[in-house]
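[1] sequence and predicted structure are below.
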Amino acid sequence: MKAKLGMSPIAWWNDDLVELSDDVSLEECLRQSRSAGFTGMEKGRRFPDDPAVMLPILRAADVTLCGGWFSGTLVDDELSANKDRISPMIELFKAVNAPCIVYGEVGRSIQGDRSRPLASKPRLSDEEMKAYGRRMTQFGEWCAEQGMPLSYHHHMAAVVETEAELDAFMQASGPGIPLLLDAGHLAFAGGDVLRAIDKHHARINHVHVKDVRLGVIEKLDRNTQSFLDAVALGAFTVPGDGSLDFGAIVQRFADHGYEGWFVVEAEQDPKANPPLRMAQVGHKELMRVMTAAGYTVETEGFPKG
């Protein structure tokens, strides 16, 4: 089985918490992640939107664009509005041969609002979830028809956060909207990561190997502290530096035959946790557990030829 290892630039630049950003260029971010062994990077705010500009940067860094976040609003808005906004991203991602666009639902979400405590997260009624699942399926099918699949990202402080909400969403939606399984977000929400992989492996087309510090999460006051407070306190980290057993998690993906990207997405204070050093820690741990699970990790970055 083959796997690829990527990173998210959120370890270097945090879009929601400027104080948790390292003052490095895109080129330096790519250099650091590639030197640690990662062959892919998801799109961040310092990436150009013109493929003619992006491709030479990726080629020089020997890195592939392995995904990127789209802020969707389908929980409230019409398909047409989201199609209009995502269309330029689809064309960009096709031009640079990215595997998928990560769909993150920001409608009603409190993930970017530090004044809103975790306990005030939005919740959908059964009927709302069914309608949302239908819209997401239609949107996913349309994006695939345009040549770029989506990957749905369940997320803390959003409408699909808990394991029960993920199960309900998966039941309400169809194969037209694949799933991004994020170990850290599901564990933060109190879910069972291995059980979720078992239940939904057939729809998983992208994986975030985010680790958590359960000691930080367990001390949170969810009635007063927000998702961003948790991030600033160090709730997330890279595999090998947190509480999750990625040996078991990666083995479970292998058991179900998953092949594709495993992306380290670990936002935290870059001064206390230098991104290069954390990238090295995460890569070492992933190589250890992936080798044990029988994966061959691809080492080619930007495609040659």
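    Yep, that arrived.
[2] tell me where the stretch 51-200 of the chain is predicted with low confidence.
    Per-residue confidence of the stretch 51-200 of the chain (counting by pLDDT under 70) places no residue in a weak region.
[3] show me what contacts the nearest residue to residue 227 once chain neighbours are set aside?
    Nearest-residue entry for residue 227: residue 157, 4.2 Å, with adjacent residues in sequence omitted and distances by Cβ to Cβ, 6 or more residues apart in numbering. C-beta coordinates here come from the backbone N, C-alpha and C atoms, glycine included. Residue 157 makes contact with 109-111, 116, 118, 121, 226-227, according to Cβ atoms under 8 Å, 6 or more residues apart in numbering.
[4] quick one: which of those has the most company?
    Sorting these by how many neighbours each has (other Cβ atoms under 10 Å) puts residue 227 first, at 28 neighbours.
[5] what's residue 292 in contact with, if anything?
    The contact partners of residue 292, taken as Cβ under 8 Å, 6+ apart, are 247, 250-251.
[6] circling back to that earlier point, tell me how far the residue nearest to residue 227 lies from residue 1.
    Going from residue 157 to residue 1 by Cβ to Cβ, to the nearest Å gives 34 Å.
[7] quick revisit: would you turn the contacts of residue 292 into TSV with secondary structure?
    Converted to TSV, these look like this (DSSP: H, G, I helix; E, B strand; the rest coil):
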residue	secondary structure
247	helix
250	helix
251	helix
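[8] give me the buried entries from those residues.
    Neighbour-count burial (16 or more other Cβ atoms under 10 Å) is assigned, among those, to 250-251.
[9] as CSV, the contacts of residue 292 with distance to residue 295 would be great.
    As requested, the contacts of residue 292 are arranged in CSV below (distance: Cβ to Cβ, whole Å):
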residue, distance to residue 295
247, 12
250, 7
251, 10
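[10] nearest to residue 137, of the contacts of residue 292?
    Set against residue 137, the nearest of the contacts of residue 292 by Cβ to Cβ is residue 250 (28.7 Å).
[11] quick check: next helix or strand after whatever helix or strand residue 29 lives in?
    Using DSSP states H and E, residue 29 sits in helix 26-35. Going down the chain from helix 26-35, the next helix or strand is strand 40-43, by DSSP H and E.
[12] which secondary structure elements does that following strand sit against?
    With contacts taken as 3 or more Cβ pairs under 8 Å, 6 or more residues apart in numbering; DSSP states H and E, strand 40-43 sits against strand 2-7, helix 26-35, strand 64-72, strand 260-264.
[13] residues contacting residue 208?
    By Cβ under 8 Å, 6+ apart, the contact set of residue 208 is 8, 153, 180-185, 263-265.
[14] where exactly do the strands run in the stretch 151-300 of the chain?
    Assigned by DSSP state E, counting those that start in this stretch, the stretch 151-300 of the chain shows strands spanning 179-182, 204-208, 211-212, 236-237, 260-264, 296-297.
[15] in JSON lines: the ones you listed, plus distance to residue 276.
    Compiled in JSON lines, those are given as follows (distance: least, Cβ to Cβ, whole Å):
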{"stretch": "strand 179-182", "distance to residue 276": "23"}
{"stretch": "strand 204-208", "distance to residue 276": "20"}
{"stretch": "strand 211-212", "distance to residue 276": "17"}
{"stretch": "strand 236-237", "distance to residue 276": "14"}
{"stretch": "strand 260-264", "distance to residue 276": "13"}
{"stretch": "strand 296-297", "distance to residue 276": "19"}
